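# show me how the following folds:
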Amino acid sequence: MLYIFAGFPRNGLHVGGLGKCLEEIECLVELEHDPSVQFRKEGVYTVSPSGAGEFLKHDDVVISPTLIKEGITWDWFPKDWSFGNNITCHKTHAYPEYKTVVHGTDLSLDDYLKENGVTTLSDLKLENKHIRHEGWEEYEARWLPNTCPQENHIVHLTWFITTHPIPREIYTKIGALIEAEDTLDKTLYNDDDFSISTVWNGEKAYLSK
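Next up is the predicted model:
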């Protein structure tokens, strides 16, 4: 089973620390550690040293309600995406592209002058226009209507793969550990189970354009 949550763990645990939490301390799940079993967008495969994979089954996937609300559904992940196995904290960037055009057209100033000849510049207005190329349209389609951020932004995800499905109450508890609450008894962990760089405060992160 593949479980996908929003952000990096709010409690500051890194991948190894989260694995310790889920398997050893809280005893909530049995993670899939076998490197020959790989989850991909197209299904679950075996992996051999030669790289050739044998199809095992279709993915059993649970995406957290937090991600669904943000529009990150199964379609958000492109074809051939690999989730691997065990636990992964994943960071990627999403951003729109813009070009400067003459207002009311798709033409740059140079192209406009080539088409129209001598023009009084005070009669023109320039604007940054969002380039809605195919890649952006595919990205935007992954979000719920009117929820796709138009700023450069960072997407953080945490996912893990288990050998067996987990009960709803366990799923809810894990969701809280990753997305919502800092409920850890930190006396049970070592300092090196945490990573300051992967703490997520629940807020969207934006990049400068």
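# which residues of the protein score low on pLDDT?
Along the chain, segments meeting pLDDT under 70 span 50-52, 182, 197-209.
# how is it carved up into domains?
The record's domain parsing of the chain by automatic domain parsing lists 2-93+147-203, 98-130.
# winner for burial among those domains?
Ranked by mean neighbour count under mean count of other C-beta atoms under 10 Å, these are led by domain 2-93+147-203, which reaches a mean of 16. C-beta: built from backbone N, CA, C; applies to glycine.
# returning to that earlier point: in a markdown table: the domains of the chain, plus distance to E140.
Below are the domains of the chain laid out as a markdown table (distance: least, C-beta to C-beta, whole Å):
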| stretch | distance to E140 |
| --- | --- |
| domain 2-93+147-203 | 5 |
| domain 98-130 | 10 |
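# what segments of this protein are helices?
Ranges of helices in the chain, per DSSP state H, are 15-19, 65-69, 109-116, 134-140, 168-175.
# out of these, which is closest to I196?
Shortest distance between I196 and the helices of the chain, using C-beta to C-beta, is found for helix 15-19: 12.1 Å.
# before we move on, back to that, between the domains of the chain, which one is nearest to A141?
domain 2-93+147-203 (7.2 Å).
# that closest one: how far from the chain's middle?
Between the centre of domain 2-93+147-203 and the centre of its chain there are 10 Å (C-alpha atoms, centre = their mean, to the nearest Å).
# tell me what T88 is bridged to.
W159 (DSSP bridges).
# hang on, it packs against W159?
Yes. The pair T88 / W159 is scored as a contact, 5.5 Å apart, by C-beta atoms under 8 Å.
# quick one: common contacting residues for those two?
Residues touching both T88 and W159 (C-beta atoms under 8 Å, 6 or more residues apart in numbering): none.
# show me what contacts Q38?
By C-beta under 8 Å, 6+ apart, the residues touching Q38 are V44, Y45, T46, V47, G53, S82, F83, G84, N85.
# coming back round to it: save the helices of the chain as JSON lines, and put in distance to A6 too.
Formatted as JSON lines, these follow (distance: least, C-beta to C-beta, whole Å):
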{"stretch": "helix 15-19", "distance to A6": "14"}
{"stretch": "helix 65-69", "distance to A6": "4"}
{"stretch": "helix 109-116", "distance to A6": "42"}
{"stretch": "helix 134-140", "distance to A6": "17"}
{"stretch": "helix 168-175", "distance to A6": "9"}
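# L188 is nearest to which of those?
When the helices of the chain are compared (using C-beta to C-beta), the closest one is helix 15-19, at 10.7 Å.
# contacts for the closest one next, please.
Contacts to helix 15-19, defined as C-beta under 8 Å, 6+ apart, come from residues 9, 31, 86-89, 158, 160, 177-178, 189, 193-195.
# among these, which two are most distant?
Spanning the widest gap among the contacts of helix 15-19 are T88 and Y189, at 20.0 Å by C-beta to C-beta.
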